[in-house]
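Engineer: Sequence and predicted structure, then a few things I'm wondering about:
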Amino acid sequence: MPERMQADTRSMFVDANLIRVLDPDVLYHPEDDGSFDVSTTGLVGITLSGPVVACGTHVGDVQVGAELWDEAPPVEAEAWQDVAEVSVQWAGLVMVVCGDSPDEEEAIEVSLPGPGTYRVRVHARHRDEGEDRDERDPVETVLIQVWPATGPSAPAAVHKATSTTSAVWRREYRAEHQARTGSGSVQREVRRRDGG
């Protein structure tokens with residue numbers, strides 16, 4: 001039976017719609033980190049420094065949980081809008097989950113059993129409430145589960161994809177041929193959808 005080895009939840013400040021999962025031993029500046037592709041999942045992609053989670057919140061606080069498991073936990077998608085997972089090769093002993101920078105106080109450090117291949121499952125809800133939220137709007141919530149993978153790297157898997165934000169991210173990245181534009185085209189479409 002899978003066992004949760006570590007868990008932490010914090011409010012994180014997000015800028016440019018992204019939560020980063022970084023290997024501090026292989027850390028690139030975001031501008032040098034390479035593009036990431038969320039065209040399959042609409043939720044999570046991989047950069048040179050590690051996975052990135054595509055949020056609906058452009059700038060603001062997101063509630064983020066991170067868990068380490070000894071093996072794959074059961075998929076529990078009912079309470080979430082979107083659930084997807086990817087495989088990632090990890091060189092170090094720590095994954096840092098953060099908004100803008102791994103040096104932020106709210107960053108979560110996940111201690112790993114060793115280098116190797118890991119599976120990263122991301123859950124998200126309240127993604128469609130708009131990029132710029134006030135205190136009456138629900139806070140976007142993300143849960144990241146990590147466990148050592150067995151066997152070769154598996155392809156990305158989507159367990160649930162019901163948010164409009166997920167559809168926007170998938171469509172934008174397909175249209176841009178996996179190019180990271182930074183032009184705000186995703187933000188413009190989300191704003192248009194929300195009437196902004």
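Structural biologist: Yep, it's here.
Engineer: going forward, measure contacts and count neighbours with C-alpha atoms only.
Structural biologist: Will do.
Engineer: Are we agreed that A124 is in a strand?
Structural biologist: Yes. Assessed by DSSP: H, G, I helix; E, B strand; the rest coil, A124 belongs to a strand.
Engineer: Neighbours of it, how many?
Structural biologist: A124 is flanked by 28 other residues according to other CA atoms under 10 Å.
Engineer: which residues does the residue nearest to it when sequence neighbours are not counted bridge with?
Structural biologist: With CA to CA, 6 or more residues apart in numbering as the criterion, A124 has its nearest non-adjacent residue at 4.5 Å, and that residue is V142. Counting by DSSP bridges, V142 forms beta bridges with V64, A124.
Engineer: what does K160 give?
Structural biologist: Going by DSSP bridges, K160 forms beta bridges with V83.
Engineer: That one: neighbour count?
Structural biologist: Around K160 there are 18 residues (other CA under 10 Å).
Engineer: picking that back up, just checking, the residue nearest to A124 touches D61?
Structural biologist: No. Look at V142 against D61 with CA atoms under 8 Å: they stay out of range, at 11.2 Å.
Engineer: So for these two, which residue has more residues nearby?
Structural biologist: V142 (24 against 19).
Engineer: quick one, what contacts the more buried one?
Structural biologist: 62-65, 122-125 (CA atoms under 8 Å, 6 or more residues apart in numbering).
Engineer: could you dump the residues you listed to JSON lines with pLDDT and distance to R174?
Structural biologist: Listed next are the contacts of V142 as JSON lines, based on pLDDT from 0 to 100; distance: CA to CA, whole Å:
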{"residue": "V62", "pLDDT": "93", "distance to R174": "26"}
{"residue": "Q63", "pLDDT": "96", "distance to R174": "28"}
{"residue": "V64", "pLDDT": "97", "distance to R174": "27"}
{"residue": "G65", "pLDDT": "98", "distance to R174": "29"}
{"residue": "V122", "pLDDT": "98", "distance to R174": "20"}
{"residue": "H123", "pLDDT": "98", "distance to R174": "22"}
{"residue": "A124", "pLDDT": "97", "distance to R174": "21"}
{"residue": "R125", "pLDDT": "96", "distance to R174": "23"}
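Engineer: can you tell me how far the residue nearest to A124 sits from T117?
Structural biologist: 22 Å (CA to CA, to the nearest Å).
Engineer: go on, V97?
Structural biologist: Noted for V97: a distance of 17 Å to T117, by CA to CA.
Engineer: Which one's more surrounded, these two?
Structural biologist: Neighbour count, other CA under 10 Å: between V97 and T117, V97 has more, with 28 against 19.
Engineer: In which helix or strand does that one reside?
Structural biologist: strand 94-98 (DSSP states H and E).
Engineer: all helices of the chain, in order?
Structural biologist: Counting by DSSP state H, residue ranges of the helices within the chain are 164-175, 185-194.
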